[in-house]
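Trainee: Take this sequence and fold it.
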Amino acid sequence: AGRGGTRNWWVFILTGILWIIFGFIVLSFDITTVYAVAIFLGVGFIVGGVVELGLASMVDSGRWLYILFGFIAIAAGIVALVWPEQTFVVVAAITAWLVLFAGILDVVVGLSTRKENDLWWLQLIVGGLEIAVGIWAIGYVGRSIALLVIWVGLAALFRGISHIVMAFGLRDADKELKQYATA
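Mentor: Down below sits the predicted model:
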């Protein structure tokens, strides 16, 4: 029973490779980038909406919220798939604003925790950089798009690498469990 999670370690290699391929497609920054990001978002919203609808059948209270969010997410996914170019531009703008607000939050947290946290200044520097990048990207849609592409591409590459590293860790754990079971 304990081997269930380790037996399928190869799935993480497969998903890691797929994430890395997706990251390279996004970082190539051509028309496939626009479609790849929009399709990824569209499918993600639709799957998320279906999950929300499934959760609605399992909760005792607030069911209507799950149903509402489920239908909104599915509608957003359909919009992303039907109008990929517009979806891409809107998500790029939202990403720029998100980076700006994350920077503001990091600066506030860094300053407010300076007595308890020896590395408060590091969070302050990161927050300042995020604010600068956010303001830079908000100023022109082309820079917002560049920020989105780099952010999504690098996130996909890092996720792919972490899945592959996790796969080898699971494989090693599976071998150890096999040896333990035969001993």
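Trainee: Go ahead and flag the most central residue of this structure.
Mentor: Residue closest to the mean C-alpha point of the chain, counted by Cα atoms, centre = their mean, is Ala155 at 6.7 Å.
Trainee: Who are the contact partners of it?
Mentor: Gly23 (Cβ atoms under 8 Å, 6 or more residues apart in numbering). To be clear about C-beta, it is placed using only N, CA and C from the backbone, and glycine gets the same treatment.
Trainee: Show the pLDDT at it.
Mentor: Note for Ala155: predicted pLDDT of 83.
Trainee: Could you pull up the residues touching Ala166?
Mentor: That one is not Ala; residue 166 is Met. Applying Cβ under 8 Å, 6+ apart to Met166 gives the contacts Phe12, Gly16.
Trainee: gap between it and Leu18?
Mentor: 14 Å (Cβ to Cβ, to the nearest Å).
Trainee: lowest-confidence helix or strand of the protein?
Mentor: Taking mean pLDDT, DSSP states H and E as the measure, the chain has helix 4-7 as its least confident helix or strand, at a mean of 65.
Trainee: May I ask which helix or strand encompasses the residue nearest to the centre of the chain?
Mentor: helix 141-182 (DSSP states H and E).
Trainee: Show me where this protein has its helices.
Mentor: In the chain, the helices defined using DSSP state H lie at 4-7, 9-27, 31-56, 63-82, 84-112, 120-138, 141-182.
Trainee: Out of those, which gets the lowest mean score?
Mentor: It's helix 4-7: among the helices of the chain, that one has the lowest mean pLDDT, namely a mean of 65.
Trainee: burial of the residue nearest to Leu105 when sequence neighbours are not counted, as a residue count?
Mentor: In space, and not counting its chain neighbours, Leu105 is closest to Gly127: 7.3 Å by Cβ to Cβ, 6 or more residues apart in numbering. Applying other Cβ atoms under 10 Å, we find 20 residues neighbouring Gly127.
Trainee: That'll do, ta.
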